[in-house]
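In: Need coordinates for the following:
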Amino acid sequence: MWKLRRLLGPEFDEFDFLVGARQAATQMIEAVRRADWSRIRSCCTDQGACAIYGLTQSQRKTQYTQLVRFERQHLCRVEPVTVQRLCEDGRNYIYVDIAFVGLRDMRDFACSVEQQEMWQQMRQVLRKSQIPEQLAPTHRRIVLGEFQMTLRKELRPEESGGTDTKGWLVDFYKVYGFRLVNYSPVTLQYRVIEFLKPV
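Out: Next up is the predicted model:
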């Protein structure tokens, strides 16, 4: 964060930045899950929007994608990994690569209808993946996802001599790991099913 503070000046607020990063991540997760071009386009750079929408099309037949549903409170790790300042076509930009880990109990949905929907999707994913569901229905299901997002911001000197600290856009998004954990709080048995391994 010290590098961001050095680039953006003393008015940079670390807490606000992380809150905004969580919000951007949850918007991207939902937009990618729904393959919502208008939502993707509204919060991404031109290059990022095309690449991310292409990702949604290539993942249409991927079974686990409908289980990737995280809200802000489920992102248990939000960590800036790299910060770069680059000059492109005479303009200065900041790029921030952020690693996220999402953790969500399958029972953690607003109503029983959503819980049932996720339960059916989970069983469908296991069936299509030819993975036998060996544990009892009373066991807990926890979804764990690992992904990365890159935020880009143009540095534009203001008349006051400061720097405009608004205008962050998503330039890159990718899920690197996705697991389904079956867990028994009684026997402490668990089983981890990996649909996508981190690279």
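
In: going forward, measure contacts and count neighbours with C-alpha atoms only.
Out: Noted.

In: can you give me the helices in the protein?
Out: The residue ranges that make up the helices of the chain, judged by DSSP state H, are 2-8, 14-34, 37-43, 46-58, 112-128.

In: got the angle for the second one vs helix 46-58?
Out: It stands for helix 14-34. Interaxial angle of helix 14-34 relative to helix 46-58 (axes from the mean of the first three to the mean of the last three Cα atoms, to 10 degrees): 40 degrees.

In: counting contacts, what elements does helix 14-34 pack onto?
Out: Other elements packing on helix 14-34 under the criterion 3 or more Cα pairs under 8 Å, 6 or more residues apart in numbering; DSSP states H and E are helix 37-43, helix 46-58, strand 75-88.

In: Give me the residue ranges of the protein where confidence is low.
Out: When the per-residue scores of the chain are filtered using pLDDT under 70, the ranges that remain are 61, 63, 128-139, 157-166, 196-199.

In: So for it, the centremost residue is which one?
Out: Note on the chain: the residue nearest the mean C-alpha position is residue 25, at 4.5 Å, using Cα atoms, centre = their mean.

In: That residue against residue 151, yeah?
Out: No - proximity of residue 25 to residue 151 does not meet the contact threshold set by Cα atoms under 8 Å, at 10.0 Å.

In: sorry, back to before: apart from its chain neighbours, what residue comes closest to the residue nearest to the centre of the chain?
Out: On the basis of Cα to Cα, 6 or more residues apart in numbering, the spatially nearest residue to residue 25 that is not a chain neighbour turns out to be residue 149, at 7.3 Å.

In: Look up how far residue 121 lies from the one you found.
Out: Distance, residue 149 to residue 121, by Cα to Cα, to the nearest Å: 26 Å.

In: can you check residue 81 too?
Out: Computed with Cα to Cα, the distance linking residue 81 and residue 121 is 33 Å.

In: what about these two, which has more around it?
Out: residue 121 (16 against 12; other Cα atoms under 10 Å).

In: what's the distance between the more buried one and residue 106?
Out: Where residue 106 is concerned, residue 121 sits at a distance of 11 Å (Cα to Cα).

In: Check residue 81 too.
Out: Shown here: residue 81 relative to residue 106, a distance of 29 Å by Cα to Cα.

In: go on, residue 74?
Out: 11 Å.

In: of the two, who's got more company?
Out: Each of residue 74 and residue 106 has its neighbours counted (other Cα under 10 Å); residue 106 has more, 20 against 17.
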